[in-house]
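my questions are about this predicted structure, shown below with the sequence.
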Amino acid sequence: MRKPKFFRRFDYHKSLLPNSVLAELEEGVNSIEQAVEKTGRTIGYPGWNLIYYIILSHLNPDSFNVIIETGSNVGCSTIALTQALKDSHYDGQVYSVELLPENHTRAQDNLSKAGILDLVDCRLGDSREVLKSILEEVKSVRIAFLDASHLLEDVFQEFELIYPLLEDNSIVIFDNTYQIAESHEDQRVFGALHKIKEMYGGNLINLEFVSWFTPGVAIWQKKPFPTIDTPPYLPFAATPQQTSLGSEQITETLPSKGNSGRLEQSSGEQVSPQQPVASLLGQILRYYSRWPVGVAALAIALNTGALFLSGVSQWLMVASGTLLLLLLIGHVASKADTVLQELKTVKQQNQKAIATLRKRIKAKQLKNG
Ligand SMILES: C[S@@+](CC[C@H](N)C(=O)[O-])C[C@H]1O[C@@H](n2cnc3c(N)ncnc32)[C@H](O)[C@@H]1O
């Protein structure tokens, strides 16, 4: 293991905390040792507020919000999560799973003192088993906070259990993301995040300077935005389909509820090698239906207008019309070059993506016998 680190803070105003029970528990605490005694192995400040505000900002007013936590410990992070649900006034339920009976009991006591136990279903047991039964009972998971065992395979297993019930914009929060392990040791949450990224793609944000031994909190999301057309200010930028065709983004959706293991992009769209070319052509058409058409029309109008004039004004109009046409031709030529380059890249990406998919299909076939 590398040297212990912590970014848990004690020099803050306790009134900032989302629930007064957290403030009472942290009263007089000035060191990590005192903190562990009073609030257990919790993410602490500003982690509590971080998850409180993430949750408050991500609960859906139009649906029933399921929040799942693994690793309740003595209930401090559970208080932050649940207080956010309470303060949102939206429908929902928090589930929190803890392995050790004494922690489970302390968590319930703390939640009861915090006045929010009615919003939490505290379950005792191994998260990898208990999650299965919770996931049978709920339709989808809006937010998951995975903070139980931090061994690579344990974190990954929890993620895989929850994955089928995540919507595109649901989020999964991980604590202890810093690479604390030496290369020969279990790579823990850090390793699990690499594995998740490799197998499921998605988007990850890592907030390094929060929490403690091991610090770091990361947020994962499958697909935060629906697919959009190319924004007008980026006429030749790759569309979301093109950018996500990089081989590392292609992922095989594992067989799960309502999913027969078909091959998809991480965004959930089926991969079609024709898509990027069609979308590139679409972009070109959209682009040239804007200002270049206007410039061409102006140049033609100037040259046509010149036919009805004579003398200096005729030459001036012909000269400016021709100049505009020349500029336009130069611009088109340089864009054509860009398009050719892009087509080349798309072709390479497609070849890479197809090779990755083939490899994955083969590996899966071997695994399934
Ligand atoms: C780091 S603490 C959780 C801290 C808590 N989330 C917080 O921030 O206040 C990890 C907790 O997970 C529990 N745990 C470890 N392995 C577990 C498992 N397989 N299933 C459920 N809980 C587990 C431990 O007993 C411990 O209480």
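All right, it came through fine.

hey, where'd the strands end up in this structure?
All strands of the chain, identified by DSSP state E, fall at 65-70, 92-98, 120-124, 141-146, 166-175, 203-211, 215-221, 250-252, 263-265.

tell me the mean pLDDT for the last one?
What it means is strand 263-265. For strand 263-265, the mean per-residue pLDDT is 35.

check the fifth one too.
The average pLDDT for strand 166-175 rounds to 97.

returning to that earlier point: ok, which of the strands of the chain comes nearest residue 27?
strand 203-211 (20.7 Å; C-beta to C-beta). Placement of C-beta: from N, CA and C, glycine included.

which residues of this structure lie near the ligand?
41-43, 70-71, 73, 76-77, 97-100, 103, 126-127, 147-149 (C-beta under 6 Å from any ligand atom).

quick one: the helices in this protein?
Using DSSP state H, the helices of the chain run over 20-26, 32-39, 44-58, 76-88, 101-113, 127-137, 152-162, 188-200, 240-243, 275-288, 291-307, 311-367.

now these as JSON lines including mean pLDDT and mean neighbour count?
Putting the helices of the chain into JSON lines (pLDDT from 0 to 100; neighbours: other C-beta atoms under 10 Å) gives the following:
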{"stretch": "helix 20-26", "mean pLDDT": "97", "mean neighbour count": "19"}
{"stretch": "helix 32-39", "mean pLDDT": "94", "mean neighbour count": "15"}
{"stretch": "helix 44-58", "mean pLDDT": "98", "mean neighbour count": "21"}
{"stretch": "helix 76-88", "mean pLDDT": "98", "mean neighbour count": "26"}
{"stretch": "helix 101-113", "mean pLDDT": "98", "mean neighbour count": "18"}
{"stretch": "helix 127-137", "mean pLDDT": "97", "mean neighbour count": "17"}
{"stretch": "helix 152-162", "mean pLDDT": "98", "mean neighbour count": "20"}
{"stretch": "helix 188-200", "mean pLDDT": "97", "mean neighbour count": "20"}
{"stretch": "helix 240-243", "mean pLDDT": "40", "mean neighbour count": "17"}
{"stretch": "helix 275-288", "mean pLDDT": "68", "mean neighbour count": "16"}
{"stretch": "helix 291-307", "mean pLDDT": "86", "mean neighbour count": "14"}
{"stretch": "helix 311-367", "mean pLDDT": "85", "mean neighbour count": "13"}
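
out of those, which gets nearest to residue 11?
Taking these one by one with C-beta to C-beta, helix 44-58 is closest: 9.3 Å.

which outside residues touch that closest one?
Residues outside helix 44-58 that contact it (C-beta atoms under 8 Å, 6 or more residues apart in numbering) are 8-10, 12, 16-18, 22, 26, 35, 42-43, 67, 76-77, 79-81, 83-85, 87-88, 142-143, 145, 171, 173, 175, 207, 210-212, 217, 219.

measure residue 170 to residue 159 for me?
Residue 170 sits 12 Å away from residue 159, going by C-beta to C-beta, to the nearest Å.

residues in contact with the residue positioned nearest the centre of the chain?
Of all residues in the chain, the one closest to the mean position by C-alpha atoms, centre = their mean is residue 221, 2.6 Å from it. The contact partners of residue 221, by C-beta under 8 Å, 6+ apart, come to 168-172, 202-203.
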